[in-house]
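Dropping the sequence and predicted coords here.
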Amino acid sequence: MQGLVAPVARQKNQLANEKFSLIILHNGVQRILVNIGYGITTSSGQSDYARKSEVIAETLRKNNELLPNEQKIVYINVIDGAGWVARQADLDRIQRASYLLNLNSLDRLKDIINYYLK
């Protein structure tokens, strides 16, 4: 991986018009957007989270269409907690919209970063 990589917390991405839990900068440019969701119980907020993930992903997808991998903005959701177990439909929506990780697969984050920030 060449160039400077730096994580920043709770920063806004102008294209998606959202604040993210974590944004990874590459040479000063926002390249990887990460949201983290944890639910102990189920709630309608999880469906709202899934809907928002779909909107963000579609916005980024349109922006990324003609860009090479080294310029694309990547969207990752890290979701965990017992409350998500019963929300499979929402998890499916999030997975279709972005990379979906949980605490058990968090080590894949390094692979995603290395793939896009060559």
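Nice, thanks for sending it over.

Pick out the least confidently modelled helix or strand of the chain, by mean pLDDT.
Lowest mean confidence among the helices and strands of the chain (mean pLDDT, DSSP states H and E): strand 5-13, at a mean of 86.

buried ones in that strand?
For strand 5-13, burial by neighbour count (16 or more other CB atoms under 10 Å) applies to Asn13. All C-beta atoms are positioned from the backbone trio N, CA, C, and that covers glycine.

separation between the most centrally placed residue in the chain and Gln46?
Residue closest to the average C-alpha location in the chain (CA atoms, centre = their mean): Ile76, at 2.1 Å. Plainly put, Ile76 is 17 Å away from Gln46 if you go by CB to CB, to the nearest Å.

Report all helices and strands that the longest helix seen in the chain contacts.
For the chain, the helix with the greatest residue count under DSSP state H is helix 44-64. Under the contact definition 3 or more CB pairs under 8 Å, 6 or more residues apart in numbering; DSSP states H and E, helix 44-64 sits against strand 29-38, strand 74-80, helix 88-97.

With respect to burial, which of the ones you listed scores highest?
For those, the largest average neighbour count (mean count of other CB atoms under 10 Å) is found in strand 74-80, namely a mean of 21.

Right, I'll call it a day here.
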